[in-house]
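*Asks:* I'd like to go over a predicted model; first the sequence, then the structure.
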Amino acid sequence: MPLLSLKNISKSYGSTPAVADISLDVERGEFFGLLGPSGCGKTTTLRMIAGLEKPDSGSIEFDGRDITNLPAERRGFGMVFQNYALFPHLNVAENVAFGLRARHRPNAEIKERVKSALELVQLPGYEKRRVDELSGGQQQRVAIARAIAIEPALLLFDEPLSNLDVTLREETRGELRELVVRLGLTAVYVTHDQEEAFALCDRISVMVGGRLLQTGAPRALYEQPAKLAVARFLGRNNLIEVMRISSSNEGAGEFKTLAGGHTLRVPIQRGELAPLNKPCTLAIRPEHVALKPATDGLENEISAEVREINFAGATSTVKLDAGGLLLEALVLQPNAFAVGAHCAAVLPAEHMSLLKE
Amino acid sequence: MANPKIFSPRRRLALSPRLFLLLIVGVILLYGVIYPNLHVVLQSLQREGIWSLQNYREIFAQRIVLKAIFSSISISILTVVFCAAIGIPLAFLFERFTFPARRLFATLAALPLVLPPLVGTIAFIFLCGESGILARLAQSLFHLERAPWSLRGWPALLLFHAYTMYPFFYVLTGAGLSRIDDALAEAGKSLGATRTRVLTRIVLPQLTPSLLAAALLTFMTSMGSFSAPLLFGGGVRVLTLEIYTARQRGDLTLALTETVILAVISLGALVFFQRYEGTRRFAAAAMKGTAKTRRSIATGTTRVVAIAFAVLFSVLLVLPVLTLVLVSLAREGSWTTQTLPTSYTLANYARIFSDNSARQVFLNSLSMSAIAAVAALLWSFCVATLIVKKRRRAWHRILSWLILVPWALPGTVVAVSLAEAYGKPSALMGSFILVGTFWILPVVYFLRFMPLVVRAVQASMEQIDEALDQAGRSLGARWRQRFFRITLPLVWPGAVAGTLLAFVIALGEYVASVLVFVPSNRPISIAIASELRDFNLGTAAAYGVVLMAIIAVSMMVAGRLERLRS
């Protein structure tokens, strides 16, 4: 049984729908991500899980119990806010102790738990500091300490790293994951940063425009986006518009690209995704596009001209024009190619996926 | 992991706190605002129990009343013009330039704001009246037979209004200017705009909300002005004075109908300005902006002129107050035809502090204002909890509006409507008659000045990040815990500052007090007026000085709290 379960949740503000018919399950001990562009409804979804917003329809179950109408203060979920929401009039220890005092815990226990929470986030001895004296990274740790001090049944993160600079963000990311795993907590993490989501989460739901498009492990999402919108959002995909020309539903299907008129053979498991003579989209990651000096006339080889080479450290992006079909390839050794030169691009069938609209 | 538990504190049987608050707020608005005002309107539409427009027909047939309406409106419009002409340039001077002692002068310039109108009026009479210090000085200097001027009528009223009300423009323009991002002006200049163009196309449009708010405040205050027309209006009739004299004569129906007219004009102005303001509101752009710099007036002549102007101006501002202090030290009867009093004493102060009835007057005012202010504070928390950050819904707007009404209505209107509604047994109060009891004045003060406290509390609450309350919720704090441990600690400096402001204004209140005070429970302002009538100028002035001292201390505390908040 999943620990947290959202069933057909919808929510709109006035006439603008924010979240439309979302269902998802979070397993016990899982680090679960909600990933999507800003305004996609991911924060609203998180706030409904927290109890800060009420869904218009649908239900939320936690540990088998319906909590849809349970107010936030009675859910016992810890939440880390985007701007941390530290109480400016309380010092670090009082901030961390807030939830414990609300539960009327004895002072000795509160002191003990504040101390251990601060140690967990590597801020021991910061008890008496004012929160506005702390750096952004330290404030963020206090916010996490405050959320874990109540031994939350579920830990919710609303873009908690977005206010930190890049290096600190990557460092904190690692610590955060380790902390959650060590405490055996279940976490739901909202972010618009796919790299962050991939690094942190066991499973991710991609949300676009209030809808949940695809849920899966980071690698699966990355390599096999199921829908065009997911592929677009995750970015850096070669999206190739094609038309299926073979009628066989078994084995490899034959496709013709709309631009350039190249023939590509891709295995299709589900024929209904690619009706004959209707345009559809194939996706392939730039790092899966292999380049070689000339075509050998093999399957899925396209001859192309190098348009642009962008150096970006370890790898370089090579932009290709294959008779009007524009492709990107990621290569380690750009020196083998020159702008204006002709080459061959290989699109391995196993790395291409057929997208649903 | 360990078995996750849902944290569930004991459920308590409780009326939803919001519903409870709504009930309190609703009942108080019904008794304090809706019923009395509706009562007056309905009464004005009746003649001996029969619905009729006869009252209005009679009123509009009287030239005197029409003249009063005309005078009230035109004096108020002229007051707005004069105050703008003084306050706006002054705000630019203090906000945009720096010169020695700028801060001191900037603070002094807001001084008339805290001067109770009645105290200001008598200070003005002592200073500029035909037997005041300035007139006597001119008389003795130029050996004139009689005073070279008289402080009467339109010029006197406009002078006094300009003096007491220009700070609305000065303070609000200054605040508006300090909010404008200098980067916008720089952007304008980089696009090739001249300084005039920057001023007219960038700065002034952004100032419009502040200017409109100042114009509204000035207009309303001037419409409600009573002390000055009473003491040196001469033949000028204004509505507030008309209502007062009609009531003194016992012509209650006339007073009532005029009250409705005054109320309609005031509320009309409020609606007009608010509607216009709504179209000119600017989103505060969240951006980095440019640090504010004040240009230093450094070159020889300009500097001297600026300082000289500032000094002269401050002297003019402080002169009435100094006059009051001087007169308060004059032996009674020692100031008749001389320029300055001839003999000085502390006897006036000794009298008001030792005399039992005088001491009682202070106790009356202090206790009634304190009751009203504390009630307003509690009330503001009820209201603010209901309306803060929930402006979308229609009933929140109605609530905000109803709360604003007693502030927008001149004190005369508030007093008359309460006196009419609760002067006899009524459906709402049963046989209890509020008028004639101790409680009428605290109630009037509460109604008149609670909007100030509501505004202060509301502003403080708006500044609290909503996420703080939500963090409290996610940490398991219930409504009461969140209020006492998050909201209250963050709001109290602003709330107390607002309460102190309401307290000091109530302390010097005269306009409404004079209509409904109980002889056994006279406030300070009534005592001042009666000393003045008996020609005990020194005692009247001493009352005024003590009142100003209390106000000064309170405002200092409020200022300290205001800084604590930021």
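*Replies:* It's in. Numbers count the residues shown, from 1 in each chain, chains lettered A, B, ... in the order given.

*Asks:* contact partners for residue A:131?
*Replies:* Each residue near residue A:131 by CB atoms under 8 Å, 6 or more residues apart in numbering or on different chains is listed here: A:86-88, A:90-92, A:95, A:139, A:142. All C-beta atoms are positioned from the backbone trio N, CA, C, and that covers glycine.

*Asks:* swap in residue A:149?
*Replies:* Contacts of residue A:149 by CB under 8 Å, 6+ apart are A:96-97, A:99-100, A:113-114, A:117.

*Asks:* go on, residue A:80?
*Replies:* Counted by CB under 8 Å, 6+ apart, residue A:80 has contacts A:140, A:143-144, A:147, A:155-158, A:160.

*Asks:* near chain B, from those?
*Replies:* Restricting the contacts of residue A:80 to those touching chain B (CB under 8 Å from any CB of the partner chain) yields A:147, A:156.

*Asks:* can you list the contacts of residue A:80 in TSV and add distance to residue B:318 and neighbour count?
*Replies:* Formatted as TSV, the contacts of residue A:80 follow (distance: CB to CB, whole Å; neighbours: other CB atoms under 10 Å in any protein chain shown):
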residue	distance to residue B:318	neighbour count
A:140	53	24
A:143	52	26
A:144	57	26
A:147	57	25
A:155	62	23
A:156	60	24
A:157	59	26
A:158	55	24
A:160	56	26
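
*Asks:* what ranges does chain B have for its strands?
*Replies:* For chain B, the strands defined by DSSP state E occupy B:46-47, B:50-51, B:97-98, B:295-296.

*Asks:* and the third one, which strands flank it?
*Replies:* Okay, so that is strand B:97-98. strand B:295-296 (parallel) (DSSP bridges).

*Asks:* just the second one next, same as before
*Replies:* In the sheet, strand B:50-51 lines up against strand B:46-47 (antiparallel) (DSSP bridges).

*Asks:* which residues sit against the partner strand?
*Replies:* B:52, B:54-55, B:253.

*Asks:* equivalent analysis for stretch A:221-238, please.
*Replies:* Taking CB under 8 Å, 6+ apart as the rule, stretch A:221-238 contacts A:36-37, A:194, A:198, A:204, A:206, A:208-209, A:213-214, A:239, A:281, A:283-286, A:289, A:327-328, A:351, A:353, A:355-357.

*Asks:* kindly recompute the last result at 7 Å.
*Replies:* A:37, A:194, A:204, A:206, A:208, A:213-214, A:239, A:281, A:283-286, A:289, A:327-328, A:353, A:355-357 (CB atoms under 7 Å, 6 or more residues apart in numbering or on different chains).

*Asks:* how many residues are close by residue 104?
*Replies:* Reading this off chain A. If you count neighbours by other CB atoms under 10 Å in any protein chain shown, residue A:104 ends up with 9.

*Asks:* please go with chain B instead
*Replies:* 11.

*Asks:* distance check, it against residue B:170.
*Replies:* 15 Å (CB to CB, to the nearest Å).

*Asks:* same for the top helix by length along chain A, what does it pack against?
*Replies:* Criterion DSSP state H: the longest helix present in chain A is helix A:166-182. The contact analysis (3 or more CB pairs under 7 Å, 6 or more residues apart in numbering or on different chains; DSSP states H and E) places helix A:166-182 against helix A:136-149, helix A:194-200.

*Asks:* can you give me the buried ones in it?
*Replies:* The neighbour-count criterion (16 or more other CB atoms under 10 Å in any protein chain shown) identifies A:169, A:172-173, A:176-177, A:179-180 as the buried residues of helix A:166-182.

*Asks:* and what of stretch B:36-45?
*Replies:* Applying a neighbour-count criterion of 16+ other CB under 10 Å, one finds B:36-37, B:39-41, B:43-45 buried in stretch B:36-45.

*Asks:* cool, stretch A:123-141 as well?
*Replies:* Buried, per 16+ other CB under 10 Å, within stretch A:123-141: A:123, A:126-127, A:131, A:134, A:137-141.

*Asks:* distance between the ends of that stretch?
*Replies:* Using CA to CA, to the nearest Å, the gap from the first to the last residue of stretch A:123-141 comes to 8 Å.

*Asks:* mind checking the pLDDT average for stretch A:336-347?
*Replies:* The pLDDT scores in stretch A:336-347 average 88.

*Asks:* of the buried residues of stretch B:36-45, closest to residue B:463?
*Replies:* residue B:37 (32.2 Å; CB to CB).

*Asks:* from residue A:58, how far out is the closest one?
*Replies:* On the measure of CB to CB, residue B:37 and residue A:58 end up 47 Å apart.

*Asks:* how about residue A:47?
*Replies:* Separation of residue A:47 from residue A:58 (CB to CB) stands at 14 Å.

*Asks:* who's more crowded, these two?
*Replies:* Each of residue A:47 and residue A:58 has its neighbours counted (other CB under 10 Å); residue A:47 has more, 22 against 17.

*Asks:* pLDDT weak spots in the chain?
*Replies:* With no chain named, the answer covers chain A. The model of chain A has pLDDT under 70 over residues A:247-251, A:269-274, A:357.

*Asks:* wait, chain B was what I had in mind.
*Replies:* Along chain B, the model assigns pLDDT under 70 to residues B:1-15, B:277-299, B:389-392, B:565-566.

*Asks:* longest helix of it?
*Replies:* Assigned via DSSP H, chain B shows its longest helix as helix B:63-96.

*Asks:* now do that helix: distance to the chain's middle.
*Replies:* 16 Å (CA atoms, centre = their mean, to the nearest Å).

*Asks:* so which elements touch that helix?
*Replies:* helix B:153-179, helix B:204-224, helix B:239-249, helix B:252-279.

*Asks:* residue contacts, residue A:177?
*Replies:* The neighbours of residue A:177, taking CB under 7 Å, 6+ apart as the test, are A:31, A:200.

*Asks:* grab the nearest non-local neighbour of residue A:159.
*Replies:* Leaving aside its chain neighbours, residue A:159 sits nearest to residue A:82 (4.6 Å; criterion: CB to CB, 6 or more residues apart in numbering or on different chains).

*Asks:* with residue B:319 instead?
*Replies:* Of all residues not flanking residue B:319 in the chain, residue B:127 sits nearest, at 6.1 Å (CB to CB, 6+ apart).

*Asks:* again, but for residue A:334
*Replies:* Using CB to CB, 6+ apart, the nearest residue to residue A:334 is residue A:316, at 3.9 Å.

*Asks:* residue contacts, that neighbour?
*Replies:* A:309-310, A:331, A:334.

*Asks:* from these, which two are the most distant?
*Replies:* Checking these with CB to CB, the most distant pair is A:310 and A:331, at 10.8 Å.

*Asks:* the two: which has the busier surroundings?
*Replies:* Shown here are residue A:310 and residue A:331; by other CB under 10 Å, residue A:331 has more neighbours (18 against 11).

*Asks:* can you tell me the element the nearest residue to residue A:36 once chain neighbours are set aside falls in?
*Replies:* Nearest residue to residue A:36, sequence neighbours excluded (CB to CB, 6+ apart): residue A:207, at 3.7 Å. Using DSSP states H and E, residue A:207 sits in strand A:203-208.

*Asks:* so who does the residue nearest to residue B:319 touch?
*Replies:* Contacts here follow CB under 7 Å, 6+ apart; on that basis residue B:127 touches B:133-134, B:319-320, B:323.

*Asks:* residue A:18: which of those residues is nearest?
*Replies:* The closest of the contacts of residue B:127, once distances to residue A:18 are taken by CB to CB, is residue B:320, at 59.6 Å.

*Asks:* what residues does chain A have near chain B?
*Replies:* By the rule CB under 7 Å from any CB of the partner chain, the part of chain A lying against chain B is A:3, A:28-29, A:50, A:52, A:62-63, A:72-79, A:81, A:83, A:85, A:87, A:89, A:98-99, A:102-103, A:146, A:150, A:153-154, A:184-185.
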